[in-house]
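Engineer: Coordinates only, no sequence provided:
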């Protein structure tokens, strides 16, 4: 698979975070029926929380942090892409500078919360989409519920999964289904 940096809402990390932690939980209730053993029933699954720590490296490390801070301040959902996982929509929950920048290195931590959004179904007739400016193969994979590996296999002519040309056609399935 082609290498991909972590990406959120148009921002691509120059260096992926050193630590990523995914937390999930379920809402449950204990049921105590008369004359029987207790039972635990799952009511719902909570959205994932993604936490991370890393370093922004380079003479522009403060500008990199400011760009992340601007995205955090928007308070909207964006598509999070992490190599090896399907892309998904999240809300930026926290962003902290954990140490003063030293020698062009800024340490930081962050957290995201998964945002549930509806995906697009692919009809029998629709097997190709046209990308718009700023769209990535990851965005299309998420939108249509496909894996990135599947889209790479169907589109061997696409050279950069992180950046599609405006108007570039992307096959969603092999024969219209």
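Structural biologist: Here it is on my side, so go on. Fair warning: this is a prediction, and the values are worked out from it, not measured in the lab. Numbering: from 1, shown residues only.
Engineer: Looking only at the helix or strand of the chain with the lowest mean pLDDT, what residues are buried by neighbour count?
Structural biologist: Each helix and strand of the chain was given a mean pLDDT (mean pLDDT, DSSP states H and E); the minimum falls on strand 128-130 at a mean of 73. Buried positions in strand 128-130, judged by neighbour count with 16 or more other CB atoms under 10 Å: residue 129. In short, each C-beta sits where N, CA and C put it, glycine included.
Engineer: And the contacts of whatever helix or strand comes next after it?
Structural biologist: Remark: after strand 128-130, the chain's next helix or strand is helix 137-143, criterion DSSP states H and E. With CB atoms under 8 Å, 6 or more residues apart in numbering as the contact definition, helix 137-143 has outside contacts at 4, 7, 79, 81, 86-89, 119-120, 129, 131, 146-148, 150-152, 155, 158, 161-162, 164, 170, 172.
Engineer: Which strands or helices does the helix or strand harbouring residue 56 pack on?
Structural biologist: When elements are defined using DSSP H and E, residue 56 is found to belong to strand 49-57. When contacts are defined as 3 or more CB pairs under 8 Å, 6 or more residues apart in numbering; DSSP states H and E, strand 49-57 packs onto strand 19-23, helix 61-74, strand 105-114.
Engineer: That strand to strand 19-23, inter-axis angle?
Structural biologist: With axes from the mean of the first three to the mean of the last three CA atoms, to 10 degrees as the criterion, the two stretches strand 49-57 and strand 19-23 enclose an angle of 170 degrees.
Engineer: What angle do strand 105-114 and strand 49-57 make with each other?
Structural biologist: Per the same axes, to 10 degrees, the angle that strand 49-57 makes with strand 105-114 is 160 degrees.
Engineer: Please, a PyMOL command that selects the buried ones among the contacts of helix 137-143?
Structural biologist: Applying 16+ other CB under 10 Å to the contacts of helix 137-143, the buried members can be selected in PyMOL as follows:
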select buried, resi 4+7+79+81+87+88+89+129+131+146+148+151+155+158+161+164+170+172
